[in-house]
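Enquirer: I'll drop the sequence and a predicted model, then ask my questions.
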Amino acid sequence: MNKKNELALQVLTLAVLASKGLKIARLSGNRKFDEKVVKSKMKSMKKNGMLVPAIIVDAKEAIKAGLEIVDFGTGEIISAADAEYYVVLVDANHRYQAHLNLLKENEGLKEEEQYKGEFYLIYALNDKLAISKLLSEINICTNPWRGNDFPKSVKMANKENLPLLDFIDELTNDDWSLAAASKWATFKSDITKEILADAADNKISEKLRNTSGIERGRKLLEAAKKSFSVKFLKSRNIIDWLIAQYDKANDDNKTATVNQLAKFLESLGRDKAELIEKTKGQRGGDTKETIINRLLNNFYEQFTQSQSASTDE
C-alpha cells in the first residue's frame, strides 16, 4: 500500500505526514501571498485554531500533470525524483503560512502566550479530477479567488500559447483587476472568471485565442503611462473613454483613431493628467466619471484642433 492510500480519508496532522517522510510543497504559479490575509489568518487561528482541514494531493501526481511545484519553505523547485517526499497544498496556502508565522512567533513568547494550534490536512476526496480543475473549483466554490488570481491558474494548467492571456497575466500580476485587464486587452469585458476557469480545465474559449486587440491595447497603455499614474490607469475611467472614442470611429478609421488617441495620451502631459486624476464628484451635481469624461473630451478636442491647424499650415 502506498502512502497516499494508507492516509486517504483521514484528517492528518503535520506530525503524521512527517512520520511518513512527507513534506509540504505548493504550486509555484499559485496566487501571490497577501500579507493582510496572512495576518488575518494568524489572528483567527491563534484564537480559534484551524476549523477546516487543508486539501492536499500527491506531488508525483502534480508533476505528472505538468505542474511545477516548489518546497513551501525554501521555494526550491522539486524534481520528479524528489516528488515522493512531498504532498502539495491545493488550498490553504495562506493558512499554512499563518501557521508557520505563529510557530516562529512562539520563540519570543511565554509558555502561556504561545500558539498551540495544529495544522490539519486531508487528501482530495475526488482523485479522478484533474489537479488544475480541482484548484479552480476549490477557489470558485469554497475560497473564492479574486478575478486577477485566475490567469495564473490557466498558465499553470495549460501549455497552449495564448498571447492574450500573457498580456492579461502581466497586468493582473501587477494587481490590475481582471475586468480592467480584459478591457485594455480586448476593449471588452469578455475575459471573465468563468472563461478562465474553463480554460484551466483545458476548455479554451476562442475569445482567449483572439489576438486582434493586443497591439492596440499595448500601444494605448504605453502612451497613457507617459501622462497618467499606473494607479489611475487601473480604474475604468480612461479605458472606458478610449473604448467610446474607438467605437465612434467607422471601420476604415479604426487604426487611424488608435494612432491619434495614442498621440493624444502622450501629449496630454502630467499637469492635465493630474487634474483628471484628482477630480471628485459633486454632491448633488455631476459624478466623478461625468467630470472626467468632460475634461478628456475638452482636452481631446483641443488636441485634434491643434493637429488640424498644423496640417493646414
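Expert: Received it, and whenever you're ready, just let me know what you need.
Enquirer: what about the helix or strand harbouring residue 47, average pLDDT?
Expert: For residue 47, the element it lies in under DSSP states H and E is helix 35-48. Throughout helix 35-48, pLDDT has a mean value of 91.
Enquirer: quick one: list the elements packing against the next helix or strand after it.
Expert: Downstream of helix 35-48, the first helix or strand assigned by DSSP H and E is strand 54-58. In terms of contacts (3 or more CB pairs under 8 Å, 6 or more residues apart in numbering; DSSP states H and E), strand 54-58 is packed against strand 86-89, strand 120-123, helix 131-141. In short, each C-beta sits where N, CA and C put it, glycine included.
Enquirer: in its sheet, which strands sit next to strand 54-58, and in what direction?
Expert: Strand pairing for strand 54-58, using DSSP bridges, gives strand 86-89 (antiparallel), strand 120-123 (parallel).
Enquirer: out of the helices and strands packed on strand 54-58, which gets the lowest mean score?
Expert: helix 131-141 (a mean of 65).
Enquirer: can you give me the helices in the stretch 201-313 of the chain?
Expert: Under the criterion DSSP state H, counting those that start in this stretch, the stretch 201-313 of the chain contains helices at 206-209, 214-225, 230-233, 237-248, 254-277, 288-312.
Enquirer: which stretch in the ones you listed has the least confidence?
Expert: Looking at these, the weakest mean confidence is helix 288-312, a mean of 88.
Enquirer: what angle separates it from helix 237-248?
Expert: 50 degrees (axes from the mean of the first three to the mean of the last three CA atoms, to 10 degrees).
Enquirer: which parts of helix 288-312 are buried?
Expert: 291-293, 296, 299-300, 303 (16 or more other CB atoms under 10 Å).
Enquirer: stretch 257-271 now?
Expert: 257-258, 260-262, 264-265, 268.
Enquirer: okay, those residues in CSV with distance to residue 168 next?
Expert: Shown next, in CSV, are the buried residues of stretch 257-271 (distance: CB to CB, whole Å):
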residue, distance to residue 168
257, 23
258, 19
260, 25
261, 21
262, 20
264, 25
265, 21
268, 26
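Enquirer: which of these sits closest to residue 8?
Expert: residue 258 (56.2 Å; CB to CB).
Enquirer: the closest one: what's it in contact with?
Expert: 216, 219-220, 246 (CB atoms under 8 Å, 6 or more residues apart in numbering).
Enquirer: the same query, at a cut-off of 6 Å, please.
Expert: residue 216 (CB atoms under 6 Å, 6 or more residues apart in numbering).
Enquirer: need the pLDDT of residue 15.
Expert: For residue 15, pLDDT reads 93.
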